[in-house]
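S.K.: Sharing a model that was predicted from the sequence below.
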Amino acid sequence: ADGSLSGGLSGQHGRLPPSPLKIAPFFYPTPCACLAARRTRQRDTMTLLQLLNQRISAALAAAGCPDASPILQTASRPEFGDYQANGIMAAAKAKKTNPRALAEQVIAQLDLAGIASKIEIAGPGFINIHLDPVFLAGKVSAALASPSLGIEPQSPRQKVIVDYSSPNLAKEMHVGHLRSSIIGDALVRVLAAIGHDTIRCNHVGDWGTQFGMLTAYLVESDNQDAGLALNDLEDFYRKAKIRFDEDAAFADRARDYVVRLQSGDAEVLALWKQFVDVSLTHCEAVYRKLGVSLTRADARGESAYNADLPVIVRELREKGLLAEDDGAQVVFLEEFRNQDGDPMGVIIQKKDGGYLYTTTDLGAVRYRCRELGVDRVLYVVDARQSQHFQQVFTLCRKAGFAPENVQLQHIGFGTMMGEDGKPFKTRSGGTVKLIDLLDEAEERAFQLVSEKNPDLDDATRRRVALAVGIGAVKYADLSKNRNSDYIFNWDQMLAFEGNTAPYLQYAYTRVASLFRKAGEHDANAPVQIDAAEEKALAVALAQFNDVLYHVADEGYPHFLCQYLYQVSTLFMRFYEACPVLKSEGAVRASRLQLARLTAATLKTGLDLLGIEVLEAM
Ligand code: ARG
């Protein structure tokens, strides 16, 4: 442990740039007559990767390959420099020329003055780029001086809607909702941080036949206070279901309520509304504890599209897409085949006139494109719904609900497993309420913090436990490739070593304590990069912006986790190799600057993942 909670990096010095969530509005560069001026401005607003790509593309064009791509990546080994361009071989092949000779021509044309200190050819025609320490020092200073930590708005700016969390309101949120809630929240935060116009959407399941049963039971239970009756939603649902299964008269009443609900009967609607409200309050409690930024205003449930459903059917019919199959209205999609190899039928309206999950999703796409005018829609939903979304997307293109230029993407994810390798359940095999899981995380973290730091007062330990416990659960999930299933393991996620939240949170407190011990220092001190460890850290810090773009483009929060883990590791190495407090003068001041940007990057990065940092723990 590292001392008290008072003071610390942002508290004491107050010079840390604010979170990029509050970056200035997107800046549209105005056309500029002076080319030189434009070039410097562009260089300032380009990310490192964009800058290198632009320069290498220009050199490739000058060497007679205007269409070739540099295929730039970070160097695979330190001796290869910081970046390597792998695109020369393919360009040479297309031009039927010798790759090494082409690489020489490209290098001859390559203008990286003030950016790279060494450029060399390796192997069959890779170009290795060693960044100039002076350039890197400038990057560190610029990031520290910028209110957004040097994060540039991504261009073009898009209106992006992220559909996430989206539980069904009939029941309480359970562990199955964890992944969508936290992955979606991380993505929407990153998108906003890089300047996109973001809309959070909680597409809650607030409609369907089970609401007939639930409202019927609400009426029947003596308790007139819905809030009290629904205190335990799970229990309420179970009891209603028992009544439904055991009592035919009750079941009839429930069905009658469904009909009345669907026909807009005011009395039943009011009951349903009460139910939805209480249920959303349960969700909000979970979001608050989990640090998920969804609010009630973001909830736009399935019921919001009720009026559109007949219109959807009509429009599909007008487009000639609809067929009748056994009384139901169906679209047959050539793109999807059933087991017999026939085009798959997607039911739009059932024989009894009822609509389906798919129909509602068509309505939602149509609304988002026409009313909201979005450029991109992300659906953060379990991978098992993959076919559903592929069908919805295909249908929307055919029906014209979504223009071709609107990106529709399913951000799928695997299942959270228990130690037994089966979907995570309670010991008795029941579903685990999300709130219970979060309480347990906090409790376990409290035990841990109490063991490690028994001297901290109770309130402080509680506070640390909340940040560490919730952080651990979130980070364990976000740090894995979302496409895979993963095994939920308390000990692993709460470990202070390895790629975990506690490790990163602890790394942050290490830097924070450095500042407490440093006392007065110059926040505008120049940065100088000499040692290899300083350079490695500076290179990583200069990549933050590119990492955020990458996360936003691909929809993978684990890229950001990997990055933050790398930054902490590089910081620890720097800290061991390069004395900070024991050095003097300009060196000391410069090293403090590197530490300050490290702290700000960790804090901002974790904040984008929805994870809190502490000044001490
Ligand atoms: N409520 C759905 C479920 O629990 C998820 C909804 C996802 N979003 C959507 N637009 N379909 O499975």
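M.R.: Structure's in. What do you need?

S.K.: Cys201: what's it in contact with?
M.R.: By Cβ atoms under 8 Å, 6 or more residues apart in numbering, the contact list for Cys201 reads Ile161, Val162, Asp163, Tyr164, Asp298, Arg300. The way it works is simple: take the backbone N, C-alpha and C, and place the C-beta from them, glycine included.

S.K.: ditto for Asp82
M.R.: By Cβ under 8 Å, 6+ apart, the neighbours of Asp82 are Thr74, Ala75, Ile129, His130, Leu131, Val539.

S.K.: what's the answer for Leu362, then?
M.R.: By Cβ under 8 Å, 6+ apart, Leu362 lies in contact with Ile312, Ile348, Val392, Leu395, Cys396, Ala399, Phe401.

S.K.: Secondary structure element for the third one, which one?
M.R.: By that I understand Val392. In this assignment (DSSP states H and E), Val392 forms part of helix 386-399.

S.K.: out of the contacts of Leu362, which one sits closest to the ligand?
M.R.: The nearest member of the contacts of Leu362 to the ligand, counting by Cβ to the nearest ligand atom, is Val392 at 8.0 Å.

S.K.: So which bits of this protein are right by the ligand?
M.R.: Listed as neighbours of the ligand in the chain under the rule Cβ under 6 Å from any ligand atom: Asp163, Ser166, Pro167, Asn168, His203, Gly205, Asp361, Ala364, Tyr379, Val381.

S.K.: Can you tell me which of these has the most neighbours?
M.R.: Tyr379 (26 neighbours; other Cβ atoms under 10 Å).

S.K.: On the three-state scheme, it is what?
M.R.: Here Tyr379 is recorded as strand under DSSP: H, G, I helix; E, B strand; the rest coil.

S.K.: pretty sure it is touching Ser165, no?
M.R.: No: under the criterion of Cβ atoms under 8 Å, Tyr379 is not in contact with Ser165, lying 11.5 Å apart.

S.K.: tell me, what residue is most central in this structure?
M.R.: Leu187 (2.3 Å; Cα atoms, centre = their mean).

S.K.: Can you name the next helix or strand after the helix or strand encompassing that residue?
M.R.: Using DSSP H and E, Leu187 sits in helix 178-193. Counting by DSSP H and E, the next helix or strand C-terminal to helix 178-193 is strand 197-201.

S.K.: next helix or strand past that next one?
M.R.: Using DSSP H and E, the helix or strand that follows strand 197-201 in sequence is helix 210-220.

S.K.: list the buried ones in that following helix?
M.R.: For helix 210-220, a neighbour-count test (16 or more other Cβ atoms under 10 Å) marks Gln210, Phe211, Gly212, Met213, Leu214, Thr215, Ala216, Tyr217, Leu218 as buried.

S.K.: Find the pair from those with maximum spatial separation.
M.R.: Gln210 and Leu218 (12.4 Å; Cβ to Cβ).

S.K.: what distance separates the start and the end of stretch 303-315?
M.R.: End-to-end distance for stretch 303-315: 20 Å, by Cα to Cα, to the nearest Å.

S.K.: Now do the strands for the protein: every range, in order, please.
M.R.: Applying DSSP state E to the chain gives strands spanning 72-74, 83-85, 116-122, 126-131, 159-163, 197-201, 322-325, 328-337, 343-349, 376-380, 407-411, 416-417, 486-487.

S.K.: nearest to Leu178, of these?
M.R.: With Cβ to Cβ as the measure, strand 416-417 is the member of the strands of the chain nearest Leu178 (6.5 Å).

S.K.: list the helices and strands the closest one packs on?
M.R.: On a contact count with 3 or more Cβ pairs under 8 Å, 6 or more residues apart in numbering; DSSP states H and E, strand 416-417 meets strand 486-487.

S.K.: what about the strand it packs on, distance to the chain center?
M.R.: Here strand 486-487 shows a centroid-to-chain-centroid distance of 19 Å under the convention Cα atoms, centre = their mean, to the nearest Å.

S.K.: neighbouring strands for it, and are they parallel or not?
M.R.: strand 416-417 (parallel) (DSSP bridges).

S.K.: Work out the gap between the strand it pairs with and the centre of the chain.
M.R.: That offset, for strand 416-417, works out to 19 Å (Cα atoms, centre = their mean).

S.K.: residues in contact with it?
M.R.: Val175, Gly176, Leu178, Arg179, Pro423, Phe424, Asp477, Asp485, Tyr486, Ile487, Phe488.

S.K.: hmm, try it at 6 Å
M.R.: Applying Cβ atoms under 6 Å, 6 or more residues apart in numbering, the set of residues contacting strand 416-417 from outside is Val175, Phe424, Asp485, Ile487, Phe488.

S.K.: how near is the nearest residue to the third one once chain neighbours are set aside to Cys561?
M.R.: Leaving aside its chain neighbours, Asp485 sits nearest to Gly414 (3.8 Å; criterion: Cβ to Cβ, 6 or more residues apart in numbering). For Gly414, the distance to Cys561 under the criterion Cβ to Cβ, to the nearest Å works out to 16 Å.

S.K.: quick one: low-confidence parts of the protein?
M.R.: Along the chain, the model assigns pLDDT under 70 to residues 1-44, 222-227.

S.K.: What are the phi and psi values at the residue of the stretch 301-450 of the chain found nearest the ligand?
M.R.: Nearest residue of the stretch 301-450 of the chain to the ligand, counting by Cβ to the nearest ligand atom: Val381, 4.5 Å away. For Val381, the backbone dihedrals (degrees, to the nearest 10) come out as phi -140, psi 150.

S.K.: I'd like to know how far the residue in the chain sticking out farthest from the centre sits from Arg243.
M.R.: When each C-alpha in the chain is compared with the mean C-alpha position (Cα atoms, centre = their mean), Ala249 comes out farthest, at 47.6 Å. For Ala249, the distance to Arg243 (Cβ to Cβ) stands at 10 Å.

S.K.: With Asp308 instead?
M.R.: Taking Cβ to Cβ, one finds Asp308 at 33 Å from Arg243.

S.K.: what do you get for Ala532?
M.R.: Using Cβ to Cβ, one obtains 71 Å as the distance from Ala532 to Arg243.

S.K.: So these two - more neighbours on which side?
M.R.: Neighbour count, other Cβ under 10 Å: between Ala532 and Arg243, Arg243 has more, with 19 against 13.

S.K.: what's near enough to touch that one?
M.R.: Contacts of Arg243 by Cβ under 6 Å, 6+ apart are Phe250.

S.K.: Start at 19, not 1
M.R.: Yes, from this point I'll number from 19; that puts the last item at Arg261.

S.K.: Skip the chain neighbours and tell me the closest residue to the residue of the stretch 519-635 of the chain found nearest the ligand.
M.R.: Nearest residue of the stretch 519-635 of the chain to the ligand: Gly573, at 15.0 Å (Cβ to the nearest ligand atom). Counting by Cβ to Cβ, 6+ apart, Gly573 lies nearest to Ile429, which is 4.5 Å off, once chain neighbours are set aside.

S.K.: Next, the nearest residue to Arg388 once chain neighbours are set aside: phi, psi?
M.R.: Closest residue to Arg388 apart from its sequence neighbours, by Cβ to Cβ, 6+ apart: Phe419 at 8.0 Å. According to degrees, to the nearest 10, the main-chain angles of Phe419 amount to phi -70, psi -30.

S.K.: Brilliant, that's me finished.
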